[in-house]
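Undergrad: sharing a sequence plus its predicted fold:
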Amino acid sequence: MEYRIIITQNNKKKKIISKGYNLPTIKKKYFNIKDKNKVLFPKRNSTYKKLHSINHEILLMKQWEEEDLPYSGRDDLGQNIEISDPKKEWSILYKNTYEIEERFTVFNYNKRITLREIIKTIVLKPHSNIKIKQINYLNNKLLIHQNNDFDIILCKCNEDCERLYDTLKDFIENNGIDYILFTGKILKNKKITYDMIIDKTQWGKDKIYRTVTRP
């Protein structure tokens, strides 16, 4: 009997996490993965400059047998529903919500990184000659100012950037860090900020003024 742990996205299989033939072993692995799923900034989809929630779930499944009953759960309205595989290949043993950590493009970084990595490697990076740091944002670009320079984090859209700013602000405040100033959305002297970004990145104006990361 084969068992599988899979991740679904909007009720469609996204990827297989694990396979096995021993139920107690794979069941233990399933609940271990589920319990460790602690996400600081969950991934969202962006369409038409707006964010939309993505429904990720983690499932433990077994090969279908004739006597298997449909999985009993609840829909978004809280109503009881039964879920079964019409092809009769797999049965659901356990199903839970699951979050995937978003990854961001950061200027001058050769890979996309998570918010936890941004906090560790940029926000909380110690500097001997500066005490106060500043964080603000313009359109879909979050700016972290420190040591007479700044880092640029690109978000999917304006809404995603505001969500990142608020999440980061809550994290810093909840951890009692008092040397970082959050000055919100840049509303005045935008041209000065645009010019700063151009000088640092050499990006063209089409990329500078764009409010989303995708056309």
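TA: Yes, it's here.

Undergrad: chain center to the lengthiest helix in the chain: distance?
TA: Ranked by number of residues, the top helix in the chain under DSSP state H is helix 158-174. Its chain's C-alpha centre and that of helix 158-174 lie 12 Å apart, by CA atoms, centre = their mean, to the nearest Å.

Undergrad: now do stretch 31-42
TA: Counting by CA atoms, centre = their mean, stretch 31-42 comes out at 12 Å from the chain centroid.

Undergrad: ok, Ile16 - contacts?
TA: Ile16 makes contacts with 4-6, as judged by CB atoms under 8 Å, 6 or more residues apart in numbering. All C-beta atoms are positioned from the backbone trio N, CA, C, and that covers glycine.

Undergrad: let's see 6 Å
TA: 4, 6 (CB atoms under 6 Å, 6 or more residues apart in numbering).

Undergrad: just confirm it is within a strand.
TA: Yes. Using DSSP: H, G, I helix; E, B strand; the rest coil, the assignment for Ile16 is a strand.

Undergrad: tell me the bridge partners for it.
TA: Here Ile16 sits in beta bridges with Ile6, as judged by DSSP bridges.

Undergrad: ok, back up a step: need the contact partners of the longest helix of the chain.
TA: 41, 51, 137, 139-140, 142, 155, 180, 182, 211.

Undergrad: rerun at 8 Å
TA: 40-41, 44, 46, 49-51, 104, 115, 118-119, 123, 135-137, 139-142, 153, 155, 180, 182, 184-185, 211.

Undergrad: got the buried residues for that helix?
TA: Judged by neighbour count (16 or more other CB atoms under 10 Å), helix 158-174 contains these buried residues: 158-165, 168, 171-172.

Undergrad: what's the closest of those residues to Asp35?
TA: Nearest to Asp35 among those is Phe171, at 21.5 Å by CB to CB.

Undergrad: coming back round to it: which among the contacts of helix 158-174 end up buried?
TA: Here, 16+ other CB under 10 Å leaves 40-41, 44, 46, 51, 104, 115, 118-119, 123, 135-137, 139-142, 153, 155, 180 buried among the contacts of helix 158-174.

Undergrad: okay, and which of the residues you listed map to helices?
TA: Using DSSP H, 115, 118 are the members of the buried ones among the contacts of helix 158-174 that sit in helices.

Undergrad: hmm, back to that, now distance to Asn147 and pLDDT too, for the buried residues of helix 158-174, in TSV please.
TA: Below are the buried residues of helix 158-174 laid out as TSV (distance: CB to CB, whole Å; pLDDT from 0 to 100):
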residue	distance to Asn147	pLDDT
Asn158	27	92
Glu159	30	92
Asp160	26	93
Cys161	23	95
Glu162	25	96
Arg163	26	95
Leu164	21	97
Tyr165	20	98
Leu168	18	97
Phe171	21	96
Ile172	18	96
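
Undergrad: per-domain residue ranges of this structure.
TA: Listed domain ranges for the chain are 3-97, 105-209 (source: automatic domain parsing).

Undergrad: could you tell me the least trusted of those?
TA: Note on the domains of the chain: lowest mean pLDDT is at domain 3-97, with a mean of 86.

Undergrad: quick one: end-to-end distance for that domain.
TA: Its start and end residues considered, domain 3-97 measures 19 Å (CA to CA, to the nearest Å).

Undergrad: let the chain start at 18 from now.
TA: Okay, residue one is now 18; in that scheme the one you just asked about reads as domain 20-114.

Undergrad: pull the distance from that domain to the chain's centre.
TA: Its chain's C-alpha centre and that of domain 20-114 lie 18 Å apart, by CA atoms, centre = their mean.
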